[in-house]
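**Student:** The amino acid sequence is not available; the structure is as follows:
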Ligand SMILES: Nc1ncnc2c1ncn2[C@@H]1O[C@H](COP(=O)(O)OP(=O)(O)O)[C@@H](O)[C@H]1O
Ligand SMILES: N[C@@H](CCOP(=O)(O)O)C(=O)O
């Protein structure tokens, strides 16, 4: 059994417009690298973090909290240490905290010879995610660990459904360089919603799942709507309405807030359209003076990869 592992832990898009806290998909080209090795000393240490300033103290880092949740469940006479090479900016809305939490437990599980299922790893990783957002949500963790599109059917016990990813589907993302913490963008949400909006939203979730199963891009397009969360959060994201309008004019099937923002995602049929959508997003933000990055990615059907 190996003593050290290096992994790529991908960025993810949670919610996918209509599926707040339940739907998510995995990106292919954006992610963190993590190295984990066994150590003689028991417990868990983070020895190095590059890219962004984050706490080395495992109790203050989502990777540490997730790792300790796993290690508290198993009796070992050795420990682990971790190096994090962070590429996903914290507070970006593309699952930066989830990449660390899920990568951490995935890597430890590999070094232990895979005693845990991906469902059990999701449970441990959610403990880390709760440190970042104040709540145990698995809609970023599930696509990172399972790959593709996922639906979190239940949090306790954790039940993740793996949905199909149509081959021609591409994601375009714009990440405005402002930080929105998930905990802050959850604080603006109402505690109750009108029944009529709930009906529209769950019809869209069901339609989106059906569209993925049947490769029905027209249905997918009509289901990529968020009548519940977006109206409260979009005001936190500069030029959100223009990005959405221009993306759809450029051919996107739909466009919405990625996770809790500030990133915005669009889904398109075909790489050429996804690139036109990227150009339309860049045109909107170029005039704004706000620094930004854009990405085009296919859907990563594998999730976390061993390097
Ligand atoms: N390893 C980590 N990676 C990213 N964020 C972390 C990590 N450990 C702790 N955090 C904290 O989590 C918060 C970012 O998480 P969150 O607000 O959910 O945004 P994101 O959408 O990027 O996951 C920040 O306050 C950050 O300091
Ligand atoms: N369902 C959560 C997802 C948060 O995703 P993140 O990428 O912003 O951490 C929410 O919308 O609050």
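**Tutor:** Received it, and whenever you're ready, just let me know what you need. Computed from a predicted model, the values in this text were never measured in an experiment. Ligands and ions are numbered 1, 2, ... in the order given.

**Student:** For burial, what's the neighbour tally of the closest residue to residue 164 other than its chain neighbours?
**Tutor:** Distances taken as Cβ to Cβ, 6 or more residues apart in numbering place residue 212 nearest to residue 164, at 5.1 Å, with adjacent residues excluded. Where you see a C-beta, it was placed from the backbone N, CA and C, and this is true even at glycine. Other residues near residue 212 come to 23 when the count uses other Cβ atoms under 10 Å.

**Student:** Numbering from 88 from now on, please.
**Tutor:** Sounds good: first residue 88 from here, last item residue 299.

**Student:** And residue 299, its phi and psi?
**Tutor:** phi -70, psi -40 (degrees, to the nearest 10).

**Student:** Please list all residues in contact with it.
**Tutor:** For residue 299, the residues meeting the contact criterion (Cβ atoms under 8 Å, 6 or more residues apart in numbering) are 236, 250-253, 307.

**Student:** Now do the longest strand seen in the chain: distance to the chain's middle.
**Tutor:** Ranked by residue count and defined by DSSP state E, the top strand of the chain is strand 110-126. Distance, stretch centre to chain centre, for strand 110-126: 11 Å (Cα atoms, centre = their mean, to the nearest Å).

**Student:** Identify all contacting residues around the helix or strand of the chain with the lowest mean pLDDT.
**Tutor:** Least confident helix or strand, the chain: helix 269-274 with a mean of 91, by mean pLDDT, DSSP states H and E. Helix 269-274 has contacts (Cβ under 8 Å, 6+ apart) with 178, 184, 219-222, 320, 323, 346-348.

**Student:** again, only using 6 Å
**Tutor:** For helix 269-274, contacts defined as Cβ atoms under 6 Å, 6 or more residues apart in numbering pick out 220-221, 320, 347-348.

**Student:** Likewise for stretch 163-181?
**Tutor:** The contact list for stretch 163-181, computed with Cβ under 6 Å, 6+ apart, reads 98, 119-126, 128-139, 183, 186, 195, 262, 266-268, 345-350.

**Student:** near ligand 1, from those residues?
**Tutor:** Under the cut-off given by Cβ under 6 Å from any ligand atom, ligand 1 has 183, 268, 346 from the contacts of stretch 163-181 close to it.

**Student:** Those residues, buried ones only, as a PyMOL selection?
**Tutor:** In PyMOL syntax, the buried subset of these is picked out as below (16 or more other Cβ atoms under 10 Å):
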select buried, resi 183+346
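
**Student:** what helix or strand is residue 106 on?
**Tutor:** Per DSSP states H and E, residue 106 falls between elements, in no helix or strand.

**Student:** burial measure for it, as a count.
**Tutor:** By other Cβ under 10 Å, 24 other residues sit near residue 106.

**Student:** what about the residue nearest to it when sequence neighbours are not counted, which SS state?
**Tutor:** In this structure, residue 106 finds its nearest non-sequential neighbour in residue 292, 5.2 Å apart by Cβ to Cβ, 6+ apart. Following DSSP: H, G, I helix; E, B strand; the rest coil, residue 292 is assigned to helix.

**Student:** Can you give me the pLDDT of residue 292?
**Tutor:** In the prediction, the pLDDT value recorded for residue 292 is 98.

**Student:** ok, it - how many residues close by?
**Tutor:** Close neighbours of residue 292, defined as other Cβ under 10 Å, add up to 18.

**Student:** Please verify my assumption that it contacts residue 104.
**Tutor:** No - look at residue 292 against residue 104 with Cβ atoms under 6 Å: they stay out of range, at 9.4 Å.

**Student:** follow-up on the earlier one: what about the contacts of helix 269-274, which are in helices?
**Tutor:** Per DSSP state H, helices hold the following members of the contacts of helix 269-274: 220, 320.

**Student:** Which of the contacts of helix 269-274 are buried, as a PyMOL select command?
**Tutor:** Applied in PyMOL, the following selects the buried portion of the contacts of helix 269-274 according to 16+ other Cβ under 10 Å:
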select buried, resi 220+320+347+348
